[in-house]
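Peer 1: What shape does this take:
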Amino acid sequence: MTARGLRRTYGHGKNAFEAVKGVDLHVEEGEVFALLGTNGAGKTSTLDTLEGLAAPSGGAVEVFGLDPRTDREQVRAQVGIMLQSGGLPAELTVRETLEMWRGTCSNPTTADAVLGQVDLVDRADTRVGALSGGEQRRVDLACALLGQPRLLFLDEPTTGLDPESRRGTWRLLADLKASGVTIVLTTHYLDEAEALADRIAIMHKGEIARTGTLREIVDGHPSRIVFDHPGLPLPRLRAGHIDAQARVTVSTHDLQGTLFELLGWARENGLLLGGLEARAASLEAVFLDIANESADATTPELIGVSR
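Peer 2: This is a model prediction of the structure:
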């Protein structure tokens, strides 16, 4: 799947708003690709065009070498989509819902097969409206899997799931990847992206701010050491930058060396560094730095509505 120069604009003339500004993306066959976005980044607008649900205002999208809108019949038969909100009929049972959805698929598996995959066998005869929010999300996932897709779009797949069910979904996605299914994932759980994704893209203000493997994204980003201010003049560190407030933050590209130097200074001065924390560079740190890079931006959520 490829997007080249992708643009998505809402409105016309003076009231036009460009939500996606020339995005380039490439998803390899058989990989898990996580698309993350700060608040208002354009993530959902990008997904809509990749899924063929909306036409791009500029640029091009190819899925299996085809246009997902003009070649919709060929593409859709090979794609499973789990939207952020499923909107399934509340009065149907889980099995009835799956059988209904199965009738829309070109090459469906059985309802029993996907019930087993999402661990809902014992809820097959329960009405969808009587399920918990997490169980309804698993029904949404089951519907996306019914057509035995080669490409799977998952928009916030584990929202509302308890920890055990969430881990079960992670195992299922790992199994799907092992079988050759390509997965495009959005999530507001950054640990989920870290655990599942082969590559990650972070959108900000309609553009791709970072892309690559987890290691490529966090490499070059400083680690942090945080501790309570001891009330004494702080040392000059060879590899660390100090921001001295009530809580002292040390940013460093040599976490081990800087921590060793800092602890040696504390020992020489008979100090106990209260609340000491040492944090290696992480996806969360990179994400929040991107989200906060504009001084006039509103306080971001980890993942917001990306229209």
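
Peer 1: Make sure residue 148 is indeed in a strand.
Peer 2: No. Assigned with DSSP: H, G, I helix; E, B strand; the rest coil, residue 148 falls outside any strand and is coil.

Peer 1: any idea how far it is from residue 155?
Peer 2: Per C-beta to C-beta, to the nearest Å, residue 148 is found 20 Å from residue 155. Where C-beta positions appear, they are placed from N, C-alpha and C, glycine not excepted.

Peer 1: which residues sit in contact with residue 76?
Peer 2: Shown in contact with residue 76 (C-beta atoms under 8 Å, 6 or more residues apart in numbering): 52, 68.

Peer 1: Poorly predicted segments of this structure, please.
Peer 2: Applying pLDDT under 70 to the chain flags residues 294-307.

Peer 1: quick one, strands of it?
Peer 2: For the chain, the strands defined by DSSP state E cover 2-10, 17-26, 32-37, 58-62, 79-82, 151-155, 182-186, 199-204, 207-212, 223-228, 240-244, 247-252, 277-279.

Peer 1: of all those strands, which lies closest to residue 102?
Peer 2: strand 79-82 (12.5 Å; C-beta to C-beta).

Peer 1: Show me what the closest one pairs with in its sheet, parallel or antiparallel.
Peer 2: When pairing is defined by DSSP bridges, strand 79-82 lines up against strand 151-155 (parallel).

Peer 1: got the angle for the partner strand vs strand 32-37?
Peer 2: With axes from the mean of the first three to the mean of the last three C-alpha atoms, to 10 degrees as the basis, strand 151-155 and strand 32-37 are set at 30 degrees to each other.

Peer 1: please renumber so the chain begins at 32
Peer 2: Let's use 32 as the start, then, which means that last one is strand 182-186.

Peer 1: quick one: strand 182-186 to strand 213-217, angle?
Peer 2: Strand 182-186 and strand 213-217 are oriented at 10 degrees to each other (the same axes, to 10 degrees).

Peer 1: Residues contacting strand 182-186, please?
Peer 2: Here strand 182-186 makes contact (C-beta under 8 Å, 6+ apart) with 32, 75, 78, 81-82, 94-95, 109-115, 172, 175-176, 204, 207, 212-217.

Peer 1: CA atoms only: put that strand into PDB for me.
Peer 2: Extracted in PDB, the C-alpha atoms of strand 182-186 (Å, rounded to 0.1, in the frame of the first residue of the first chain):
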ATOM      1  CA  LEU A 182      -4.900  -6.200   4.400                       C
ATOM      2  CA  LEU A 183      -6.500  -5.200   7.800                       C
ATOM      3  CA  PHE A 184      -7.200  -1.700   8.900                       C
ATOM      4  CA  LEU A 185      -7.700  -1.500  12.700                       C
ATOM      5  CA  ASP A 186      -8.800   1.900  14.200                       C
END
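
Peer 1: which of the strands of the chain is buried the deepest?
Peer 2: Comparing the strands of the chain by mean neighbour count (mean count of other C-beta atoms under 10 Å), strand 63-68 ranks first with a mean of 26.
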